[in-house]
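Colleague: What follows is a predicted structure for the sequence shown.
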Amino acid sequence: MGNETKEKMQMTRQGLLEVAKPRTMSDGINAALNMADTVTQLLVEQMMDEIQEGHENPTEDYGLTAQIAWAPVLTLFWQLGITPKQLLDSGTIPNGTKNEIYQCFVRLSDMLNKMATKEPRPAAGHGPGCDGNCSDN
Amino acid sequence: MKSVFDNLNKVASPKTKIELLNAAIGMGNAASQTVRIASAKRLSPHEMEKLVLTAYSPNFALLWALGIDAETLKTCVPFAGSFALELFEGLTSDLDMLARKNSGSEQLPEKLEAPNVVPIVMPGIKVTLPEA
């Protein structure tokens, strides 16, 4: 990575760090659960429409479509610190695509965990949500 | 639904601001790279739209979780395309609305029953199809 790109990324990072005001846990859970519900209904409706329209192979890529539709929902669950097993146990994922969504969440969680810890984490003594620039410095 | 909320509320331990930021920037870079590679493949506008949405949606969800709105994003990040920005505005607006909606609310639409599905294996991906 070139110096200019690194500099730009640092500017982006600093800018976002200054203005970010993370959502509350309750907002996160509400958004994640309601979006999961919406996505599930959309997928079911889409599948039913295709069956009614008599497509030869109506849901050829249903599993893939489901994974794409669930990606932002799973990201919201990850940011809440919910593990794939906890999500499975909560009964949030509908039966039809349980395995695909679970596997997708395992892979996404793994990727997000790696990315989240790539940069230095807050120094010891700083609380959750602190970027290390609090008055405890 | 309310009990699912309660159960998640008990076990949730939200990521820190710095973890969210790292993940958001990482996912944003990965999405940009994906879209850049795909641009050379001359996809149709519809295929491109689907790809951008797929590539950026986790990144957008993370930015929403950080409390970043579209206006703020424009000032902080040299955003590639107006189309991606439109998608971001759409997703964050939906998420704002969904976050305000109580998960235990009776106003939620009635749930539809999913058709029976049987698992089949396709190259590279396990897919489920409805029973004929």
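Modeller: Alright, I've got the coordinates. Residues are numbered from 1 along each chain as shown, chains lettered A, B, ... in the order given.
Colleague: Near A:Leu108, how many other residues are there?
Modeller: Here the neighbour count serves as a burial measure; for A:Leu108 (other Cβ atoms under 10 Å in any protein chain shown) it reads 20. (C-beta placed from N, C-alpha, C; glycine too.)
Colleague: In terms of helices and strands, where is it?
Modeller: When secondary structure is defined using DSSP states H and E, the element that contains A:Leu108 is helix A:98-116.
Colleague: does that helix come close to chain B?
Modeller: Yes. If you take Cβ under 8 Å from any Cβ of the partner chain as the test, helix A:98-116 does meet chain B, through A:Asn99, A:Glu100, A:Gln103, A:Leu108, A:Leu112, A:Met115, A:Ala116.
Colleague: pretty sure the fourth one is touching A:Leu76, no?
Modeller: No. Contact status for A:Leu108 versus A:Leu76: not in contact, 11.0 Å apart, counting by Cβ atoms under 8 Å.
Colleague: Leaving out sequence neighbours, find the closest residue to B:Gly67.
Modeller: Nearest in space to B:Gly67, with sequence neighbours left out and distances taken as Cβ to Cβ, 6 or more residues apart in numbering or on different chains, is A:Lys21 at 3.8 Å.
Colleague: can I assume that neighbour sits in a helix?
Modeller: No. Secondary structure of A:Lys21, determined by DSSP: H, G, I helix; E, B strand; the rest coil: coil, with no helix assignment.
Colleague: Run a quick neighbour tally on it.
Modeller: 9.
Colleague: Which pLDDT value goes with it?
Modeller: According to the predicted model, the pLDDT of A:Lys21 comes to 92.
Colleague: so where is the chain shaky, pLDDT-wise?
Modeller: Using chain A. Within chain A, the segments meeting pLDDT under 70 span A:1-2, A:5-6, A:8-9, A:56-61, A:119-137.
Colleague: The intended chain is chain B.
Modeller: Within chain B, the segments meeting pLDDT under 70 span B:1-2, B:78-82, B:103-132.
Colleague: Break down it into its helices, ranges please.
Modeller: All helices of chain B, identified by DSSP state H, fall at B:2-11, B:17-39, B:45-65, B:70-76, B:82-100.
Colleague: Any figure for the gap between B:Ala31 and A:Leu74?
Modeller: Here the criterion is Cβ to Cβ, to the nearest Å. By it, B:Ala31 lies 15 Å from A:Leu74.
Colleague: Neighbour count: the two, which is higher?
Modeller: Between B:Ala31 and A:Leu74, counting by other Cβ under 10 Å, A:Leu74 is the more crowded of the two (28 against 21).
Colleague: tell me the contacts of that one?
Modeller: A:Leu74 is in contact with A:Leu87, A:Ile101, A:Cys104, A:Phe105, A:Leu108, A:Ser109, B:Pro58, counting by Cβ atoms under 8 Å, 6 or more residues apart in numbering or on different chains.
Colleague: ok, how many other residues are close to the second one?
Modeller: Read that as A:Ile101. Here the neighbour count serves as a burial measure; for A:Ile101 (other Cβ under 10 Å) it reads 27.
Colleague: Spatially, which residue comes closest to it, not counting chain neighbours?
Modeller: A:Ile93 (4.8 Å).
Colleague: Next up, the contacts around A:Ile101.
Modeller: A:Ala66, A:Gln67, A:Trp70, A:Leu74, A:Ile93.
Colleague: which residues does the most centrally placed residue in chain A contact?
Modeller: Centrality entry for chain A: nearest residue to the mean C-alpha point is A:Thr75, 0.4 Å, by Cα atoms, centre = their mean. Listed by Cβ under 8 Å, 6+ apart, the contact set of A:Thr75 reads A:Leu108, A:Leu112, B:Ser57, B:Pro58, B:Ala61, B:Leu62, B:Ala65.
Colleague: Am I right that it is in a helix?
Modeller: Yes. Counting by three-state DSSP, one finds A:Thr75 located in a helix.
Colleague: Which of the helices or strands spans the closest residue to B:Asp94 other than its chain neighbours?
Modeller: Using Cβ to Cβ, 6+ apart and skipping the chain neighbours, the partner closest in space to B:Asp94 is A:Met35 (7.4 Å). Assigning secondary structure by DSSP H and E places A:Met35 in helix A:25-52.
Colleague: helices or strands up against that helix?
Modeller: Using 3 or more Cβ pairs under 8 Å, 6 or more residues apart in numbering or on different chains; DSSP states H and E as the contact definition, the elements that helix A:25-52 packs against are helix A:62-79, helix B:2-11, helix B:82-100.
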